Structure formats: structure tokens, C-alpha cells
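Trainee: would you be able to build a 3D model of this:
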Amino acid sequence: MASLRYVIRPLLTATLAASATLPAFAFEDDRLTIWMGDNKGQEGIQLVAEQFLEDTGIEVEVVFPDNLTDRFQQAAGSGQGPDIVIWAHDRMGEWAQSGLLKQVAPSDTFREAFYDFTWDAALWNGETYGYPISVESLGLIYNKALVDTPPESFAELMELDQTLSQEGKKAILFDYSEPYYGWTLLAANGGYPFKQTDSGYDVSDIGVNNAGALQGAELLVELIESDVLPRGTDYNLMDTRFNQGEVATMISGPWAWPNLERSGIDYGVALLPKVGDERAKPMFGVMTAMINSATPNDFLAVEFLENYLLSEAGMRTFNNDGSLGAVAHIHYQAELADNPNIAATLENAEVGMPMPNIPEMGAFWAAMEPALQNIGSGRQSPQEALDAAARRMRQ
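Mentor: Below is the predicted model:
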């Protein structure tokens, strides 16, 4: 880890404030404040902060405020708030558009240490507004007691269900009417919320009702009508039955792993099944460090992020409890890949697409949930429901 090349005043301690109270807004010279959205890596980031203090004399306070997104928008909009905010990349576009984030310009050497697709998540309008930290993606979680090898396709899952149903068990459950989960089928063969271009997203080009999306929606109908996927399945039903050992596979993410471990389920994580010839594609999230445009400490923020927290040694310390899961740093991820579940999470992200980080995604979620509900209930045909979703997104 590098040290700063100028004289700085000494401070007493690196501080971690795991507090739900709203932190003070005022910036301080030669002191960094970081807001994080959850406590992943809480102990590790404290250790990195202590090293930064020892080397530079600069105190780093890490705070975990409730309602971080609203509070950051309010504080940064008033020219205040933290120096650094760590949050999923999906809010980046809204904040950048509002002038709340500072563009960053990491060197080519620094960029090469991270997966290219994680930098894609940090882009808005062709410019980089953050540093990727870790990757969270859906995958096919399977119960090794019920299936030796994870099915490669939904066709295989349908065959497996015929066998398991005789024992009162199911081959697969997932929350199909929640777009984050159900969209994986529609994206497999080319469905997309907004067309991605070299400079960002073309919000006039909507692909929720194209041929690929329709193919995924028609498969969803087939799964429901054949009772492979019971009508009305939601996340709680899926999670409960899987933890009771009654389901061979489910579509979920790393947040489901702790429950499975507590339940004593011997589980694995695999690539999502194929829809026809193509893999179901998740929209993955990237935990990203972003710099407040109002901070006078942007040089210090870059120094802390590039030479401490996101160095290979810093990432190893940050993730000392393993809570980050798959990480964006290539060399460090190679160490973590010994854990097949973490490796599979990254593989699913590489197959998928970053969740678009533009404000217009609100229209996508609002349109797709009723569309998937209507498809699942039979109130509308797939084509009718998807056409209605596209119209709603264009309003």
C-alpha cells in the first residue's frame, strides 16, 4: 500500500460508526467519511482504515446509515454528505445526472486489475463514476441430496419434475412475478430493458416485447401450466420449501446462502438453465465506491480507494470474513474461486448484464411486475402482457 507524499497532520484513530443515526454532513480537511449501505466487510474496511491512518495520519470514518440512498441524495444535493459512498451501481446514473458524483479517471494499469464487465457497471453516459468492488448475481442453487448434477436447461428441469413430483417434491421454484427473477428467462434469447450502446443506454429502444423476450415468457407459461412451477410461487414459498429439502433447485443469490447453511442443506451454485439454446441471463449488481462531487477531499478519496481499499492486499483485508462474495479484482477473485459457489456467482454475472444504472429503470420495474403477474395468472397472453409493458415504459 502506498503512502501519501506530502505532510499531513496526525489524527488519533480510524473510526467505524455502525450507526443508524444520520451522520454529520460537514466535510473536514484531511479526514474521510464513507457511507456504506450494508455491513458487508465491516471489520475488514476498519482494518484498511487503520492502515491508512498509520501510513498517512488521515482518519477514515465508516458509517452505515439507514435509508442511505435518500439521505445521500438529500445531503449531496446540498453540497454536503460523505466523501465516499459505497452502494450498488444501479443508483449511479440518477446521482450522476443530478451532479452528485465526481467522475473518476483510474489509470489503464489500475483498470486492468478488475474485470472489464464490472467497469461497464460504473459507466454513465460513457464516463466512469465509480470503482467496482464486488459482484452479486442470481444463480441456480441446487440441493445436492436431490440432484447430483445441476440441470443444464429448463427442459431437463421439466423432466426432473416428473420424477420428483412422485415424492412430493419439486424440481424448481423461483419468484417468477418479481422482475428481478422472472426477467432472467426473457433475457436469455435477447430481451432487454433498454438497448445498451457504447455511450450508455438508448431509452427509446425498448426490448421487453421482442422475439427473445416473448420466447422466455412463453416458457414461463409452459412451466406454470404444466405445474412444474406452481402458480403464485413467490420468494417466501421458494425459500421455505428449499430450506425444508423439498425443492431440487431455485433461482436466487448469495443472500440465500446463510439460511441454507443454518438449515443444513448441502447446496451448490451453478449457471442458470438454458431457455432453448441460450442461458437465462441475470441482471447483476456491482457494489461500487463513488466520490461525492462536493467533497474537497477528492484526492484523498482516490488515494484511499486506489492504493488501499481496492489494492489486492486491501481487498483481501476488506473481505477478511468472506462477506463480499465474488469480487471485481481479478487476482484476488482467483483466490476466492476455490469456493465453487463464489466462482459460479461470477460466471453467472459474466453471462448476464449489469443492471442498467439509469433513472428510467423505474419504469421497467413498474411495467414488468404486472406483466409477469398477468402472464403467470393467465389474464393476458405473453404477447399482450409484454406489449402493454412496452407501452407503459414509453409513456
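Trainee: where along the stretch 101-250 of the chain do the helices fall?
Mentor: 108-111, 116-121, 154-164, 179-187, 211-225, 235-243 (DSSP state H, counting those that start in this stretch).
Trainee: what does the second one contact?
Mentor: To tie it back to what came earlier, the one meant is helix 116-121. 89, 111, 128, 132, 135, 284-286, 288, 328, 349-350, 354-355, 357 (Cβ atoms under 8 Å, 6 or more residues apart in numbering). Heads up, the C-betas are built off the backbone N, CA and C, glycines and all.
Trainee: who wins for proximity to residue 362 among the helices of the stretch 101-250 of the chain?
Mentor: Residue 362 lies closest to helix 179-187 among the helices of the stretch 101-250 of the chain, at 11.6 Å (Cβ to Cβ).
Trainee: which residues touch that closest one?
Mentor: 138, 154, 174-176, 191, 208, 212-213, 216-217, 219-220, 235, 251-252, 272, 275, 280-283, 352-353, 364-365, 368-369, 372.
Trainee: among the residues you listed, which ones are buried?
Mentor: 138, 154, 174-176, 191, 208, 212-213, 216-217, 219-220, 235, 251-252, 272, 275, 280-283, 352-353, 364, 368-369, 372 (16 or more other Cβ atoms under 10 Å).
Trainee: need the three-state assignment for the residue nearest the centre of the chain.
Mentor: In the chain, the residue lying closest to the centroid (Cα atoms, centre = their mean) is residue 285, at 1.9 Å. Three-state assignment for residue 285 (DSSP: H, G, I helix; E, B strand; the rest coil): strand.
Trainee: give me the beta-bridge partners of it?
Mentor: Beta-bridge partners for residue 285, by DSSP bridges, are residue 136.
Trainee: surely it and residue 356 touch.
Mentor: No - with contact defined as Cβ atoms under 8 Å, residue 285 does not reach residue 356; the gap is 11.2 Å.
Trainee: hmm, back to that, farthest-apart pair in the contacts of helix 116-121, please.
Mentor: Most distant of those, by Cβ to Cβ, are 111 and 355, 20.9 Å apart.
Trainee: compare the two (neighbour count), which wins?
Mentor: Using other Cβ atoms under 10 Å as the criterion, residue 111 and residue 355 rank with residue 355 on top: 20 against 15.
Trainee: distance of the more buried one from residue 378?
Mentor: Applying Cβ to Cβ, to the nearest Å, the value for residue 355 to residue 378 is 29 Å.
Trainee: and what of residue 76?
Mentor: Using Cβ to Cβ, we find residue 76 at a distance of 46 Å from residue 378.
Trainee: cheers, nothing more for now.
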